[in-house]
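Q: below is the structure, and that's it, no one-letter string:
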């Protein structure tokens, strides 16, 4: 059986694997890393949101940034990266976000004490600020800045109490210069463009576009090597028209393309109905968000 | 070749080497502060107010201890005065003016007692408003002067109104007026209030009149003048790989037309990305056109700006659409022209309120000397393309 490439859970990959398997989205990656590298102490810095469809490579890009910050000596003496990938589905309010950040920092030895939320009675804003202050203080003790990577940041902002929490988050980002946010979103949320919303034109929005033909080829050659499937490379050299067709059919989205190529090559069931069932089963995770668009609001 | 990007920052306030100094407005604000005037510093979002006052608040000044904070999450009088107490303490401490009296005053209410079993004993709820006025008395006795820059102040008034009612909001407005009008306070404590949403507009909505804030000294931040815009462009590309000849710089500025730093930086970033991809250092006018079109294309949410008016103000849509379209095609529209459109649309009673409450408050237009124009040159050009002005055949 050929080795499998990770399609969803890239947090389970080691930094080495992440770096090795990161083939496309190099331009977006380099732009952000260059910016972090040249940011001077005392200067303001840019927060980013990558906007792209599901499977376009946003989470992989965030994970690649995390790997770079953690492994590049020019960055890791000054920065610490926290990636709220899987955790973001458990973020209902801003205090949840800081709580997860504290847990992640504690998992690498920050020893931030737990605050009892009951001390704040009903004042959840004060509780949120207290958690944030804990994060800031611990970063300052460690002489580090935090790069906070937040997948689906639009959902985090859309959660309950969103307007109040968004206003508070913007205030905290304006008043403290210790945290840089790099997020991803499947939509150009109104949080980013509506004039009366706190984050109006606050983030630098970077679009994750469909892959170009060259990028598709690069990616497929990589898959061919990793999966020990010379037939993929064969496809590129002998049937370039098919590559263009694959690109068009999958809309240049890496995850859909991986699924598609996989199904073209691994076809244990050639029978029409069974094959259709297989396609539906494999494609379910890609389209399930369309089926449950209100998941955030029903939490 | 290691590519060097321009020194841009689009979104957060510009600080450190990102900040392009606006000395004329800094000086105007300092002059008013020196006269003990409380200032309302106004401009639409993205023009650069916060960057200016952040810079001012960090300059060491022999006469004043300064502090800047964004306060937009405050939603009660208690929140607001707690903030003022903390900011004042921080300002005096940062400027080395922390004396014994300040420590005693601060410790009198911030330190919590520890009981026998080492459990913290909470003090009774602190009335921060009382504490703050007590602090002002101390400032006067010790001849200290504090300047606080409070960003997004109108949001606070609006939050208090929404969460605690109009009376609470009015109490705060009265307090702020007392601070401005009582000599003992004026000599030691100055506030500079920043707002992107018109404070007048909010105060009128809450109290029905604007006399509670009309004694504030108003300073407006306008877009850059042409010479400033040229200097700003040079500031952005000073160490960048991307090169622009003088004629190209003029073309770029002409393309933007209205020099808000945010939009200038957006187009400079887009041009830089394009050149980096091609690995070419010299920018051409053709590149600028392409970059500009690319930004407009990327901002597909502009259609939402259009849709919003038709959705929320369906009965006013035709009137507002005509105003915006005329404004986009003529690069501005004056009050008389707006009135003429209102008359032709039978909107005689609310025509001006609609402009103020919808088009200005929601960020479509800004007003300068009764001339109205689009805040965003990008939205203006999108609007022009979406709503061409046609003559009836």
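A: That came through, no problem. The model shown is predicted, which means the values in this text are computed figures rather than measured ones.
Q: SS state for residue A:113?
A: Here residue A:113 is recorded as coil under DSSP: H, G, I helix; E, B strand; the rest coil.
Q: tally of neighbours for the residue of the stretch 151-300 of chain B found nearest chain A?
A: Across the stretch 151-300 of chain B, the shortest distance to chain A (C-beta to the nearest C-beta) belongs to residue B:298, at 6.0 Å. Any C-beta I mention is one placed from the backbone N, CA and C, and that applies to glycine too. A count of nearby residues for residue B:298, using other C-beta atoms under 10 Å in any protein chain shown, gives 18.
Q: what's the closest non-adjacent residue to it?
A: residue A:207 (6.0 Å; C-beta to C-beta, 6 or more residues apart in numbering or on different chains).
Q: okay but that neighbour is in contact with residue A:52, surely?
A: Yes - here residue A:207 reaches residue A:52: they are 6.7 Å apart, a contact under C-beta atoms under 8 Å.
Q: what about these two, which has more around it?
A: Just comparing residue A:207 and residue A:52: by other C-beta under 10 Å the higher neighbour count belongs to residue A:52, 21 against 13.
Q: for the stretch 1-150 of chain B, what are the low-confidence residue spans?
A: For the stretch 1-150 of chain B, the stretches with pLDDT under 70 are B:60, B:97-98, B:109-124.
Q: right, and residue B:181 touches residue B:175 too?
A: No - counting by C-beta under 8 Å, residue B:175 is not a contact partner of residue B:181; they are 10.9 Å apart.
Q: the two: which is more packed in?
A: Set residue B:181 next to residue B:175 and count neighbours by other C-beta under 10 Å: residue B:175 wins out with 16 against 11.
Q: residues contacting that one?
A: B:77, B:129 (C-beta atoms under 8 Å, 6 or more residues apart in numbering or on different chains).
Q: what helices and strands are in contact with the lowest-mean-pLDDT helix or strand in chain A?
A: None of the helices or strands of chain A scores lower by mean pLDDT, DSSP states H and E than helix A:272-291, at a mean of 70. Where contact means 3 or more C-beta pairs under 8 Å, 6 or more residues apart in numbering or on different chains; DSSP states H and E, helix A:272-291 is packed against helix A:254-265.
Q: state the phi and psi torsions of the residue in the stretch 151-299 of chain A positioned nearest to chain B.
A: Closest approach between the stretch 151-299 of chain A and chain B, counting by C-beta to the nearest C-beta: residue A:195, at 3.0 Å. Here is the backbone geometry of residue A:195 (degrees, to the nearest 10): phi -60, psi -30.
Q: same check on residue B:21?
A: Residue B:21 adopts backbone torsions of phi -70, psi 140, taken as degrees, to the nearest 10.
Q: so what's it closest to, chain neighbours aside?
A: Excluding the flanking residues, the one nearest residue B:21 by C-beta to C-beta, 6+ apart is residue B:55, at 7.1 Å.
Q: now the element after whichever helix or strand that neighbour is part of, going C-ward?
A: Assigned by DSSP states H and E, residue B:55 falls within helix B:49-58. Counting by DSSP H and E, the element after helix B:49-58 in chain order, helix or strand, is strand B:65-70.
Q: and the strands in the stretch 101-250 of chain B, which stretches?
A: B:113-114, B:120-121, B:146-151, B:189-195, B:217-220 (DSSP state E, counting those that start in this stretch).
Q: contacts for the fourth one, please.
A: For strand B:189-195, the external contacting residues (C-beta under 8 Å, 6+ apart) are B:29, B:33, B:36-42, B:49-50, B:53, B:64, B:88, B:136, B:139, B:145-155, B:176, B:179, B:199, B:216.
Q: by how many degrees do the least confident helix or strand of chain A and helix A:254-265 diverge?
A: 170 degrees (axes from the mean of the first three to the mean of the last three C-alpha atoms, to 10 degrees).
Q: centre of the chain to helix A:272-291, how far?
A: 24 Å (C-alpha atoms, centre = their mean, to the nearest Å).
Q: and for stretch A:64-83?
A: Using C-alpha atoms, centre = their mean, the offset of stretch A:64-83 from its chain centre is 15 Å.
Q: so what's the residue count around the closest residue to residue B:272 other than its chain neighbours?
A: Nearest residue to residue B:272 in three dimensions, chain neighbours excluded: residue B:242, at 5.1 Å (C-beta to C-beta, 6+ apart). Using other C-beta under 10 Å, residue B:242 is surrounded by 22 other residues.
Q: residue A:49 belongs to a strand?
A: Yes - counting by three-state DSSP, residue A:49 is found in a strand.
Q: show me the beta-bridge partners of it.
A: Per DSSP bridges, the residues bridged to residue A:49 are residue A:183, residue A:205.
Q: can you pull out the strands in the stretch 1-150 of chain A?
A: For the stretch 1-150 of chain A, the strands defined by DSSP E, counting those that start in this stretch cover A:48-51, A:79-84, A:145-150.
Q: list the contacts for the residue nearest to residue A:61 when sequence neighbours are not counted?
A: Excluding the flanking residues, the one nearest residue A:61 by C-beta to C-beta, 6+ apart is residue A:25, at 5.0 Å. Counting by C-beta under 8 Å, 6+ apart, residue A:25 touches A:57, A:60-61, A:64, A:208.
Q: contact residues of the stretch 1-150 of chain A facing chain B?
A: Neighbours of chain B within the stretch 1-150 of chain A, by C-beta under 8 Å from any C-beta of the partner chain: A:27, A:31, A:34-35, A:38, A:40-47, A:119, A:125.
Q: how many neighbours does residue 255 have?
A: This is for chain A. Neighbours of residue A:255 (other C-beta under 10 Å): 20.
Q: actually it's chain B I care about, not the one you picked
A: With other C-beta under 10 Å as criterion, residue B:255 counts 15.
Q: cool, and residue B:322?
A: Neighbours of residue B:322 (other C-beta under 10 Å): 19.
Q: for the stretch 1-150 of chain A, just list every one of the helices.
A: Listed in chain order, the helices of the stretch 1-150 of chain A (DSSP state H, counting those that start in this stretch) span A:15-21, A:26-38, A:58-71, A:73-76, A:94-107, A:124-142.
Q: pick the most deeply packed of these.
A: Among these, ranked by average contacts under mean count of other C-beta atoms under 10 Å in any protein chain shown, first place goes to helix A:58-71 (a mean of 23).
Q: what helices or strands is that helix leaning on?
A: When contacts are defined as 3+ C-beta pairs under 8 Å, 6+ apart, helix A:58-71 sits against helix A:15-21, helix A:26-38, strand A:48-51, helix A:73-76, strand A:79-84, strand A:145-150, strand A:179-185.
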